[in-house]
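J.: need coordinates for the following:
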Amino acid sequence: MAMISTQLRNFREPTKDQLTQLFFSLPLDAQVGVGEKVNEQERMDISAVLTLGQDAEEDPYPGKLYLLPPYLTFSSLDRKSVRFTLPLCTIRRVERLNARAGIYALSLSLWHGMKIVVQLTSLRPTADLFCALLRDALKAELQRGQMKAVKGFVKTCYSEVLVASSGDDSKDSAASKADGDVSDSSESMYLGGLGLKFKFPGDPKKLREASKSKLWTTYLKCHGRNLTLLRYPQCTRLVQVGLPNRLRGEMWETLSGSIYLRFAHPGMYERILKDNEGRTSTSTEEIEKDLHRSLPEYSAYQSEEGIGALRRVLQAYSFRNTETGYCQAMNILAAAILIYMSEEQAFWLLEVICDRLLPGYYSPSMHGTLLDQRVFESLVHRCLPVIYDHFTQVDVQLSVASLPWFLSLFINSMPMVFAFRIIDCFFCMGPKVLFQVASSLITTYPPLTHIQTAILKINGEKLLQIQDDGGFIHLMREYFASLGDSAHPESSDPRARAITRFQELLLVSFREFAVITDDTILNERRKFRSEIVTSIESFSKRSAIRNLKTLERFTKEQAGLIYDALFKAICVEPPPVAPLPPVALLTTKDTGEERPETRIGLKTFRVFLSEIATWARTEKIVSNGFQQRVDRTIAEHELIDRLFYFWDTSYRGALSLQDLVSGLNGVMFNDLMENIEWFFNLHDKNKDGYLTKDEVLTLSESLLFIFRFEIGDAYLGAVSRFMSNAFEYGDALLPRPDGSDLDDEPPPVESNQPYMNLATFRMVVLADEILESFFETDFSSTFRLEPVPIMEIPNSNTGLLGGLWQNIASDDNRKIFQKVTDEIGKTIGKHQVFHRPAIGKFTHLEEPKARESLLTGTMRRSASKSSLTATESSSGVAAPSALQTSSSSTLTVDQQSLASDISSSEFSPMPSIFQAAANAAAMMERTPFAIDDAKDDDEESDDGSEIADDGVMDEVDAFLEAHDSGLTEAERELAKDLINAEPVK
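T.: Numbers count the residues shown, from 1 in each chain. Coordinates of the predicted model:
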């Protein structure tokens, strides 16, 4: 059993439009409902200056306004200070403002009563076009009825309750209530996680929940919430300090963009569960094994309620994304987010994490994780060379400890109260540039890399003293357990003593290692992608060969060559995706479900066989005076199709690697008699031990196909004599009525009736010296296990020069160049084409003499010639003997060097990075931390004086950065004046 995937080779850098969508956390498929796609509407971006309404004390920010139906987005020039993503259905009114001459400004009233002003700074025709497109997009949203869906959707968000319960003194709250857009808290149906019933990890008083809630309430009143959230610099600062427990789930889905998927697909989660009720698969079996190993110290997962929710979320994801299915560590992520989110919210967030934020992390090959491990090692080498050199000297693998960090987002490594703070930053400060994949492709985040490098820096002195992997893991566990302790316990300054090691970790991460940018990560991934893909493919090859039920008579090296030919065939002609078996088959409990394996269809098999059998391909040696090349094409013939179904012993219509190994074993090691019997059985369609006359003719055509490029008439004559002898000898052995004379004509036989058995076929073959030699040695020798040329991994660089070179060096341009040179060669008389023979045994035109017929004189009858419809005359294409020798058609292989190369690399022990991946499950054992013990919310004091002095704002100030909007003082004044401008009448 083996899964062979070429998806990693098909990776392409995201296009500019895809990067824009990923930056704004938009669904790449732009779906608005189940089975319903957004009409292709024109997209546009325009330079603009954003100004918030009168109540907000925010500076104007210049940037770009993007119309990406059904969304309107904005990003400041530095792409980090300000941005928003607004579904068009949340825009309630658009007005053009009556501003001073030359100023083109729009006022947008949003669902939650906010007002934003965008000053379009492009030329007037461009601004008019943008407004026209915006108007058309808003009309389309109105016609689809999406604006009506907003009212019910926002009731599921806790932020509505948080703002409504803070008082009705704000204008936006009053306006919303006047229109009936926001229900009171008593009518709210907001979604929440298991923490609402089983309590949230940590002590609310120590976590300063009331203070954080108050700060977020103030921000959400002025800057929108859920679908209309505007992300200003203060939003990032508040996220770095930490999210309130009840608000955390909603903010996670808002910052990650999964809220747009939930809004666009109402009820899909329940439909997936209903449509797949009772269905089991390999993924569901693996899920059941890991359910009780998912955060077992949390009380919710000691009850059936929590286990059931986790099971449903993981199974729904595996049913929706069958290619990924389920991978270890997904249970840790799902269990963690279910503490703060409902099942439906967790389902969509898990899809965003696995498919967009961390693509390839939870795939069968874990290529995303392995790539980022290599990137992380490179960054440590660059930023912390002393530690890297020490680890290299004592042979300590960074991936031993860092792999679980990446896979579980630190949930399994540190106390949950701190891990969730890191996840807050992960969703808010996610990647600026993301990669899109077919199977399977690839990312690490600056926050993660910052934090991990900071961990190594903070523990630098101790790390230089470790001598093995065990010491490294033990040191990291001790450090994580002390994250809540004071970073400066001996300091005389009480404010310094109040700084915890976790706060120190965040400060070091985001300040000292700010040099690790998105571009740095992107360049490192490009550098190491080919290396990782090659390593994964090599490891997959060893695993596939190791998992074969039997190697038959092949060695491991020969099986490796068969795998290489199969892999190349899959690259050239990918097999179709196998459909899921029906539910009735999946629910059968008597026998275990087979592991998924790669099976190839007929088209892919033709490519595979062309790499193995010389007669299954057409090779033309072309010389035109400028170049000499070999053009290889894949042959198509009934013999190849017949061989495909002959090897399909399980009648599945597709072949696995084991089928190919067993099939080749049945032909490559045969002697004379075994080959004759094999060829006979190949053409015996109904397996009754007889060939019909039609099957005899088909067998003759197969021989002619194999001999089609041989020099001279020797093989053609052999086939002609075979047909003559077959019908003559076959007629002589036909049974006759009792009392009939031997000279009488045999009874007529239909073309589809049994005519020739194996013994007769064997005698006819042995009657011809050429056919006897062919079946004795030549036929088996046409199956050649030769090293397949290493296929270069396609260059994923889409830069200007890279794209230009790819366009110049494309296959189409190469064919055009060859066609031009061929025409020139024909003009000057130097164009020659020779076909390379499949056997190449005869290099001259002399035809060997045939053996004497096996028929005795009494058995010969001239009447039998009426059964023979083909003539013995045939013609051949002459070619220079120098190009038709067997040495020219056979690739020589240094078996000694090949064996040593394969034994040293292909079947060497598993590389350290893959060993770490294989042991990831063992590293996922979580250490319980006392700080995570859940406490009652009522233990926290709501005293206003305590809130004012608890130091939360000091922690916010620690992350303050200078965010220069880039506007002059006059431009700022102009933007503020637009707030009070009247609409155009």
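J.: ok so Thr622 is a strand residue?
T.: Just to correct that, residue 622 is Val rather than Thr. Yes - membership of Val622 in a strand is supported by DSSP: H, G, I helix; E, B strand; the rest coil.
J.: give me the number of neighbouring residues for it.
T.: With neighbours defined by other Cβ atoms under 10 Å, the count for Val622 comes to 17. Every C-beta, even on glycine, is put in place using the N, C-alpha and C of the backbone.
J.: so how far is stretch 230-237 from its chain's centroid?
T.: In terms of Cα atoms, centre = their mean, to the nearest Å, the centre of stretch 230-237 is found 32 Å from the chain centre.
J.: now swap in stretch 528-540 and tell me
T.: With Cα atoms, centre = their mean, you get 14 Å for stretch 528-540.
J.: and it, average pLDDT?
T.: Taken as a whole, stretch 528-540 carries a mean pLDDT of 87.
J.: before we move on, what about stretch 974-985?
T.: Averaging pLDDT along stretch 974-985 gives 73.
J.: can you tell me how far the residue nearest to Leu703 when sequence neighbours are not counted is from Leu643?
T.: Nearest residue to Leu703 in three dimensions, chain neighbours excluded: Val719, at 4.9 Å (Cβ to Cβ, 6 or more residues apart in numbering). The spacing between Val719 and Leu643, counted by Cβ to Cβ, to the nearest Å, is 19 Å.
J.: those two: who's more crowded?
T.: With neighbours defined as other Cβ under 10 Å, Val719 and Leu643 compare such that Val719 has more, 23 against 20.
J.: surely that one is within a helix?
T.: Yes - under three-state DSSP, Val719 sits within a helix.
J.: any idea of the pLDDT on it?
T.: We have a pLDDT of 92 for Val719.
J.: again, but for Ala916
T.: The model's pLDDT for Ala916 equals 54.
J.: per the record, what domains does this protein have?
T.: Using automatic domain parsing, the domain parsing of the chain gives 1-34+540-577+597-623+630-669, 39-162+174-190+208-243, 268-357, 367-523.
J.: lowest average pLDDT across those domains?
T.: Minimum mean pLDDT among those: domain 367-523, a mean of 75.
J.: distance between the ends of it?
T.: 17 Å (Cα to Cα, to the nearest Å).
J.: can you check stretch 277-295 too?
T.: One end of stretch 277-295 to the other measures 26 Å (Cα to Cα).
J.: tell me the buried residues in it?
T.: Judged by neighbour count (16 or more other Cβ atoms under 10 Å), stretch 277-295 contains these buried residues: Arg279, Thr280, Ser281, Ser283, Thr284, Glu286, Ile287, Asp290, Leu291, Arg293, Ser294, Leu295.
J.: and the host helix or strand of Ala970, how far from the chain's centre?
T.: Using DSSP states H and E, Ala970 sits within helix 969-977. Distance of helix 969-977 from the chain centroid (Cα atoms, centre = their mean) equals 48 Å.
J.: can you give me the buried ones in that helix?
T.: For helix 969-977, by 16+ other Cβ under 10 Å, it's Glu971, Leu974, Ala975, Asp977.
J.: hmm, the second one is touching Ala105, no?
T.: Yep, that's Leu974 we're talking about. No - look at Leu974 against Ala105 with Cβ atoms under 8 Å: they stay out of range, at 9.5 Å.
J.: which other helices and strands contact the longest helix belonging to the chain?
T.: For the chain, the longest helix by residue count, based on DSSP state H, is helix 518-546. Contacts defined by 3 or more Cβ pairs under 8 Å, 6 or more residues apart in numbering; DSSP states H and E place helix 518-546 against helix 367-383, helix 446-458, helix 556-572, helix 912-918.
J.: at 6 Å what do you get?
T.: Counting contacts by 3 or more Cβ pairs under 6 Å, 6 or more residues apart in numbering; DSSP states H and E, helix 518-546 is packed against helix 367-383, helix 556-572.
J.: just send those back as CSV, with distance to Glu786 and mean neighbour count too.
T.: Listed next are those as CSV, based on distance: least, Cβ to Cβ, whole Å; neighbours: other Cβ atoms under 10 Å:
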stretch, distance to Glu786, mean neighbour count
helix 367-383, 29, 23
helix 556-572, 7, 21
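J.: where does the stretch 851-985 of the chain have low pLDDT?
T.: Along the stretch 851-985 of the chain, segments meeting pLDDT under 70 span 851-925, 936-966, 984-985.
J.: surely Phe605 meets Phe644?
T.: Yes - counting by Cβ atoms under 6 Å, Phe605 touches Phe644, with 4.9 Å between them.
J.: neighbour count: the two, which is higher?
T.: Higher neighbour count among Phe605 and Phe644: Phe605, with 26 against 23, using other Cβ under 10 Å.
J.: for the stretch 701-850 of the chain, what spans make up the strands?
T.: With strands called from DSSP state E, counting those that start in this stretch, the stretch 701-850 of the chain shows them at 754-757, 832-835.
J.: if we can go back for a sec, in JSON lines: the buried residues of helix 969-977, plus distance to Ser724.
T.: What follows is the buried residues of helix 969-977, written out as JSON lines (distance: Cβ to Cβ, whole Å):
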{"residue": "Glu971", "distance to Ser724": "98"}
{"residue": "Leu974", "distance to Ser724": "100"}
{"residue": "Ala975", "distance to Ser724": "97"}
{"residue": "Asp977", "distance to Ser724": "103"}
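J.: thinking again about what came up before, wait, which of the strands of the stretch 701-850 of the chain is closest to Arg96?
T.: strand 832-835 (70.7 Å; Cβ to Cβ).
J.: show me what the closest one is packed against.
T.: Using 3+ Cβ pairs under 6 Å, 6+ apart, strand 832-835 sits against strand 617-623.
J.: after the strand it packs on, next one along is what?
T.: Next helix or strand after strand 617-623 toward the C-terminus (DSSP H and E): strand 628-634.
J.: now do the next helix or strand after that next one: distance to the chain's middle.
T.: Past strand 628-634, further along toward the C-terminus, the next helix or strand under DSSP H and E is helix 638-647. Helix 638-647 has its C-alpha centroid displaced from the chain centroid by 33 Å (Cα atoms, centre = their mean).
J.: helices or strands next to helix 638-647 in the packing?
T.: By 3+ Cβ pairs under 6 Å, 6+ apart, helix 638-647 packs against helix 602-612.
J.: so what touches the helix it packs on?
T.: Helix 602-612 has contacts (Cβ atoms under 6 Å, 6 or more residues apart in numbering) with Ala565, Leu566, Ala569, Val572, Glu573, Pro575, Ala616, Arg617, Ile634, Ile640, Phe644, Phe783.
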